[in-house]
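# Below are the sequence and a predicted model; questions follow.
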Amino acid sequence: MLVIAHRGASFEAPENTLVAFERAIDAHADGIELDVMEVDGELFVFHDRYLRRLAAQPGRFQDLTSAQVRALRIFSQHPIPTLLEALEFIQGRCFVNIELKSQVSQAALVEVLNQAEQTLGFSSDQLIVSAFNHHWIHALKQSRPKTRIGALSASCLLDYARFANELDAYSLHIDIDFVTFELIQDAHQRGLKVFVYTVDEPEDILLLKRWGVGGLFTNHPRHTRNVIDGLTSASPFNF
């Protein structure tokens, strides 16, 4: 079962920062999930619609200029990387799941993906692009068919994983609150990988392991790997 660091090792370091990505790599995470929004034609790694939680100021992220984004600091300390800067830092040391949090320029995204494969040490199967807005990933798949896409959902639909199949997705990404054994079975029968978010507690980790889930998005990759390997059954929040 793959361990995917949710926004990097965000239990140990501020989310979506290079420090969090380095901690994830140090923890031997199989993959890193990061979030992307576009400002002024540039793709930045940032999750929230509003600035208050991470940057301690009012307003929306997308209303900034790229110069203002570069001046921001997460928790008054860490700069916000561009997607290209993040991939340059990771250098193919693990796979990367790029979640689109806003509509982005297809041309800009494809350019970064191409550069990652051509000069940054990534193979095509080390990059997944996912989104809750399935129009975005459908358009990407049409323009760049070799891209692996992940269909995100926070619901268990009547026809289970059919929507992901129709998108020609590589993987189904499902909320821990709505995943069921029947959904996992249906996805597997359709040839889809199943990755579940966001999973930190040992009871959930072990249940999903028994159900044959392909991977977990987790805030604490080192601890999650230890649970999978039978080295601990404690919650990471007890430390």
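It's in. Numbering: from 1, shown residues only.

# May I have the phi/psi pair for Asp168?
Torsion angles at Asp168 (phi, psi; degrees, to the nearest 10) stand at phi 60, psi 40.

# Can you verify my assumption that it contacts Ile149?
Yes. If you go by C-beta atoms under 8 Å, Asp168 and Ile149 touch, sitting 7.4 Å apart. All C-beta atoms are positioned from the backbone trio N, CA, C, and that covers glycine.

# Mind checking which of the two has more residues around it?
Ile149 (23 against 14; other C-beta atoms under 10 Å).

# Under a three-state scheme, what state does the more buried one occupy?
strand (DSSP: H, G, I helix; E, B strand; the rest coil).

# Just the pLDDT for it.
pLDDT, Ile149: 98.

# Find the residue closest to it in space, skipping its chain neighbours.
Leaving aside its chain neighbours, Ile149 sits nearest to Ile137 (4.4 Å; criterion: C-beta to C-beta, 6 or more residues apart in numbering).

# Same question for Ala164.
Ala151 (3.9 Å).

# got a list of what that neighbour touches?
By C-beta atoms under 8 Å, 6 or more residues apart in numbering, the contact set of Ala151 is Ser130, His134, Ile137, Phe163, Ala164, Leu167, Ala169, Ser171, Leu172, His173.

# Could you pick out the buried ones from those?
With burial judged by 16 or more other C-beta atoms under 10 Å, the buried subset of these is Ser130, His134, Ile137, Ala164, Leu167, Ala169, Ser171, Leu172, His173.
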